[in-house]
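Asks: Pasting a predicted model and its sequence here:
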Amino acid sequence: MTVGNINDAPLELNALGIKDMRLTMPELQTRITYHYRQDVLRQLYRILGSADFIGNPVGLFTNVSSGVADIFYEPFHGVVMHGNKELGIGIAKGAASFLKKTVFGLSDSMTKFTSSVGKGLSAATFDSEYQARRRMAQRRNKPRHAIYGVAAGGEAFASSVTSAMEGVLMKPIEGAESEGALGFFKGVGKGLVGVVTKPVIGVFDLAANVSEGIRNTTTVFDNPDRERTRLPRHVPADGVLRPYSSREALGQYWMKDVNNGAYRQEAYVAHIYSMGDDNVVLLTASRVLSFQSKNLRLDWELPFTDVQGVTVEDTGIRFAHKAGKENDKFAFIPDKSTQSWFFGHVASVVKAFNAKKRMDV
């Protein structure tokens, strides 16, 4: 997880030109393969030098060298285009560009290194729930500037320390509930590992957020209109583009993140949200999910392949399981109009699912 991140490795492959060619096809293929393989091997240092775990030194060199070039280019450009009167402005522009690109390069290198180490250490905690919360926080709290980076870093550090303290107490209990005595001792081990590694991860996340905030401060005015202002549009399975729905966009966003992205490839259909207990019941084209929206922790899931029947009751909708009543799932929906709306979507999906199943058979 730490070594695998490589960003912007600038490979430049030379063209292969052969004049007066008289070769068999296998010989030509061998010549082409050899040419490009040698080209890649000669530039292998660029791939390795672009790895995050060593701070992407190739990217750092590219940024700093570009800034050094601007020190000479901007004054020269000013003199050529406008005469000696623009020399002072050109020198100022060159110095500003050098400072900006140097700060960007150093902070970017620091961000990549600390993020990579933090990511690798998080895998060593063996705590999937903590890893999912950390990934979600990183996606939602991208530092746009230095001040926001300090705030986001402090929050990440506090979250890691809190998780470490909770893990010492809760992991043995959770392990005992799921696997008995063996699970208890596994939980003790996870808790002890977490109490050491999670605060260290918090320190690296703090440094990563602060350096990312500094990096983004240098470009905050470069692309002022490129920040996303709404969630990605939901496009139904029929491919027909309809007016934007913030509700459907939010449901799709939840579906792609819940349970560590296990249902990312599913087709979102509808969802209901209970603000009182933070519960979401979400319908896809092949299953029903129930989870908590704050931490996207899955409560239960039921594929339609296991559904015996669907019935409306006084306080919600019951999904009867083929394995028996003890495995039934219940979606609590006290409001009758919401109940009817969601049941209509379920009926449509089940009908389409059964039709597809008959066609496959």
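Replies: Looks like it came in fine.
Asks: Name the secondary structure element that contains residue 281.
Replies: When secondary structure is defined by DSSP states H and E, residue 281 falls within strand 279-284.
Asks: quick one: buried residues of whatever helix or strand comes next after that strand?
Replies: Helices and strands here follow DSSP H and E; after strand 279-284, the next one along the chain is strand 287-292. For strand 287-292, the neighbour count (16 or more other Cβ atoms under 10 Å) marks 287, 288, 289, 290, 291 as buried. Quick note: C-beta positions are derived from backbone N, CA and C, even for glycine.
Asks: just those now: which is nearest residue 63?
Replies: The shortest gap between residue 63 and any of the buried residues of strand 287-292 belongs to residue 291, at 41.9 Å (Cβ to Cβ).
Asks: ok, now which ones touch that closest one?
Replies: Taking Cβ atoms under 8 Å, 6 or more residues apart in numbering, we find residue 291 in contact with 254, 258, 259, 279, 280, 282, 297, 298, 299.
Asks: Which members of the residues you listed are the farthest-apart pair?
Replies: For these, with distances taken as Cβ to Cβ, the pair at the greatest spread is 259 and 279 (14.9 Å).
Asks: sorry, back to before: quick check: mean pLDDT across the strand holding residue 281?
Replies: Taken as a whole, strand 279-284 has an average pLDDT of 93.
Asks: which residues sit against it?
Replies: Counting by Cβ under 8 Å, 6+ apart, the neighbours of strand 279-284 from elsewhere in the structure are 251, 254-255, 258, 263, 266-274, 288-293, 299, 331-333, 342, 345-346, 349.
Asks: Just want the angle from that strand to strand 287-292.
Replies: For the pair strand 279-284 and strand 287-292, the angle between their directions (axes from the mean of the first three to the mean of the last three Cα atoms, to 10 degrees) equals 160 degrees.
Asks: Now the buried members of the contacts of residue 291.
Replies: With neighbours counted using 16+ other Cβ under 10 Å, the contacts of residue 291 contain these buried positions: 254, 258, 259, 279, 280, 282.
Asks: in what helix or strand does the first one lie?
Replies: Same thing as residue 254. Here residue 254 sits within helix 246-261, counting by DSSP H and E.
Asks: and the next helix-or-strand element following that helix, what other elements does it pack with?
Replies: Once the chain leaves helix 246-261, the next helix or strand it forms, by DSSP H and E, is strand 268-274. When contacts are defined as 3 or more Cβ pairs under 8 Å, 6 or more residues apart in numbering; DSSP states H and E, strand 268-274 packs onto helix 246-261, strand 279-284, helix 336-360.
Asks: Columns distance to residue 173 on top of the ones you listed, output as JSON lines?
Replies: Putting the helices and strands packed on strand 268-274 into JSON lines (distance: least, Cβ to Cβ, whole Å) gives the following:
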{"stretch": "helix 246-261", "distance to residue 173": "22"}
{"stretch": "strand 279-284", "distance to residue 173": "23"}
{"stretch": "helix 336-360", "distance to residue 173": "35"}
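Asks: give me every residue that touches the residue most central in space within the chain.
Replies: Taking Cα atoms, centre = their mean, the centroid of the chain lies closest to residue 139, which sits 5.7 Å from it. Counting by Cβ under 8 Å, 6+ apart, residue 139 makes contact with residue 257.
Asks: so which of the contacts of residue 291 comes closest to residue 70?
Replies: For residue 70, the closest of these turns out to be residue 254, at 45.0 Å, with distances computed as Cβ to Cβ.
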